[in-house]
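Student: Can you look at this prediction? I've put the sequence above it.
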Amino acid sequence: MRRFRVAVVHGVNLDQLGRRDPKHYGPLTFRELERQVDEWAGELELIPRFFQTNHEGALVEYLHRAEGLVDGIILNAGAWTHYSWALRDALELADVPAIEVHLSDVEARDEWRRSSVFDGLVLQKISGRGPEGYKAALEALQAHLVEVAPERVPASGTPTEEHLSSSDTPQITDPTEPTPPGLHDDNDADPAAAPPMPAQDPTPPTSMTSPPAAGPDGGAL
Ligand code: DQA
């Protein structure tokens, strides 16, 4: 059976899981959540790619690069869900089936959390099921992809993941925990797939930490 590539994408403040209110978000750290999702994806024979950022533009650019490189997206955009029309436009550009996930029950919390910019664009919105919501999302996405696969098989060749792994894309978000191999797009893992860009810092440990904050001209602060 064809193995589908699924991007598991997290937005603002999700890297802080473990510090956020466990009443809404549970006890897992972000890295533990990703590991769990990675395990479920493996059981379903999906190929997961993980991405998290606290920078809206970085997520927009990630979604710009996604078309043809992933077969589906699972997206928890955090608070951006409720107001970032730019992200909606970017997800539409990605043009792949997507499922929106929230750990907490967004319908039962503040009024402003009830609306989502992704309404009508995603296959489903799953909320209030904690980490299990991601499992349900993986299963639903896989079932959908199996159904629509013939239309989505690339006409020729296998696209590389080069531009999903570009050097200006933040990949690692929790500097306090070691990153399990294979969880993230990692430029160092396969130099042929992701040649270093001229501006890239070649020192491996720096690629394991959060990206520096960007100044108005895009340079590091
Ligand atoms: C969230 C719900 C959002 O309302 C909130 O801003 C988040 C997390 C969730 O997973 O429950 O940051 O997306």
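Tutor: All right, it came through fine.
Student: Next, the buried residues of the helix of greatest length in the chain.
Tutor: Across the chain, the longest stretch assigned as helix under DSSP state H is helix 132-152. For helix 132-152, a neighbour-count test (16 or more other C-beta atoms under 10 Å) marks 133-135, 137-138, 140-142, 144-145 as buried. Bear in mind the C-beta positions are built from the backbone N, C-alpha and C, glycine included.
Student: And for stretch 62-77?
Tutor: For stretch 62-77, by 16+ other C-beta under 10 Å, it's 62-63, 65-66, 69-77.
Student: For this structure, list the residues in contact with the ligand, please.
Tutor: Taking C-beta under 6 Å from any ligand atom as the contact definition, the chain meets the ligand at 13, 76, 78-79, 81, 102-104, 106, 113.
Student: possible to save the residues you listed as a markdown table with pLDDT?
Tutor: Converted to a markdown table, these look like this (pLDDT from 0 to 100):
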| residue | pLDDT |
| --- | --- |
| 13 | 98 |
| 76 | 98 |
| 78 | 98 |
| 79 | 98 |
| 81 | 98 |
| 102 | 98 |
| 103 | 98 |
| 104 | 97 |
| 106 | 97 |
| 113 | 97 |
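Student: Make a PyMOL selection of the buried ones in the residues you listed.
Tutor: To isolate the buried members of the residues of the chain next to the ligand in PyMOL, using 16+ other C-beta under 10 Å:
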select buried, resi 13+76+78+81+102+103+104+106+113
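Student: Restricted to helices, list the residues of the chain next to the ligand.
Tutor: Reading helices off those, I find no matches (DSSP H).
Student: Now intersect the residues of the chain next to the ligand with the strands, please.
Tutor: 76, 102 (DSSP state E).
Student: Most widely separated two among the residues of the chain next to the ligand?
Tutor: 13 and 106 (14.0 Å; C-beta to C-beta).
Student: now the helices for the chain?
Tutor: Using DSSP H, helices in the chain cover 22-25, 30-43, 56-66, 85-94, 132-152.
Student: so residue 8 touches residue 51, yeah?
Tutor: Yes: using C-beta atoms under 8 Å, residue 8 makes contact with residue 51 at a distance of 7.4 Å.
Student: low pLDDT regions in the protein?
Tutor: 150-221 (pLDDT under 70).
Student: If we use 90, what do you get?
Tutor: 1-2, 149-221 (pLDDT under 90).
Student: circling back: the buried residues of helix 132-152 into CSV, with extra columns for distance to residue 43?
Tutor: Output for the buried residues of helix 132-152, formatted as CSV (distance: C-beta to C-beta, whole Å):
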residue, distance to residue 43
133, 16
134, 12
135, 9
137, 14
138, 9
140, 15
141, 14
142, 11
144, 18
145, 16
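Student: what's the closest of those residues to residue 2?
Tutor: residue 145 (8.3 Å).
Student: The ligand versus that closest one, what's the distance?
Tutor: 23 Å (C-beta to the nearest ligand atom, to the nearest Å).
Student: Now that residue: closest residue in space, sequence neighbours ignored.
Tutor: residue 4 (4.7 Å; C-beta to C-beta, 6 or more residues apart in numbering).
Student: Need the distance between the two termini of stretch 114-130.
Tutor: Terminal residues of stretch 114-130 lie 17 Å apart, using C-alpha to C-alpha, to the nearest Å.
Student: re earlier: check contacts around the residue nearest to residue 145.
Tutor: 46-47, 71-72, 141-142, 145, 149 (C-beta atoms under 8 Å, 6 or more residues apart in numbering).
Student: Could you do residue 99 as well?
Tutor: For residue 99, the contacting residues are 72-75, 122-126, 137, 140-141, by C-beta under 8 Å, 6+ apart.
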